[in-house]
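Engineer: Got a predicted structure here, sequence first:
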Amino acid sequence: MPPHFQFKFINIIDSIEKWNLDELDIKELSWKKWFFRCRVWKFRIIFYKDLNWNYFIEEIWSRWDIYK
């Protein structure tokens, strides 16, 4: 991943942890309960929340590879 993307991803992950999702493109995944995806350019961040409202990053991939 290019360095300028890395800094952006760090900020986005920080926003997800604080549940500050107003400016992010977040969508719940239909095939997995409690899983969400965040679209960032041509990349996707897949994360989930547990019953205690803790959020965990599952994967970060390009959009062509993540849903395989």
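Structural biologist: Yes, it's here.
Engineer: ok, and the closest non-adjacent residue to F43?
Structural biologist: The spatially closest residue to F43, leaving aside those adjacent along the chain, is S62, at 5.8 Å (Cβ to Cβ, 6 or more residues apart in numbering). Using the backbone N, CA and C atoms, a C-beta is placed for each residue, glycine as well.
Engineer: okay, that neighbour: pLDDT?
Structural biologist: In this model, S62 is scored at 78, pLDDT.
Engineer: Can you show me the strands along the protein?
Structural biologist: 25-28, 35-40, 43-49, 55-62 (DSSP state E).
Engineer: Which of those comes out lowest on mean pLDDT?
Structural biologist: Taking the mean pLDDT of each of the strands of the chain, the lowest value is held by strand 55-62, a mean of 83.
Engineer: Neighbouring strands of that one in the sheet, and parallel or not?
Structural biologist: strand 43-49 (antiparallel) (DSSP bridges).
Engineer: Please list the outside residues in contact with stretch 32-44.
Structural biologist: Stretch 32-44 has contacts (Cβ atoms under 8 Å, 6 or more residues apart in numbering) with 1, 5, 8-9, 12, 16, 24-29, 45-50, 58-64, 66-67.
Engineer: chain center to stretch 16-24, what's the gap?
Structural biologist: In terms of Cα atoms, centre = their mean, to the nearest Å, the centre of stretch 16-24 is found 10 Å from the chain centre.
Engineer: which residues sit in contact with R63?
Structural biologist: Remark: with contacts taken as Cβ under 8 Å, 6+ apart, R63 is in contact with 39, 42-44.
Engineer: Going by neighbour count, which of those residues comes out on top?
Structural biologist: Counting by other Cβ atoms under 10 Å, R44 has the largest number of neighbours within the contacts of R63, with 20 neighbours.
Engineer: still on that earlier bit, wait, what's in contact with the residue nearest to F43?
Structural biologist: S62 sits next to 42-44 when contact means Cβ under 8 Å, 6+ apart.
Engineer: and the gap between the residue most central in space within the chain and F9?
Structural biologist: For the chain, I45 is the residue whose C-alpha lies nearest the centre (Cα atoms, centre = their mean; 3.0 Å). In this structure, I45 and F9 are 7 Å apart, going by Cβ to Cβ, to the nearest Å.
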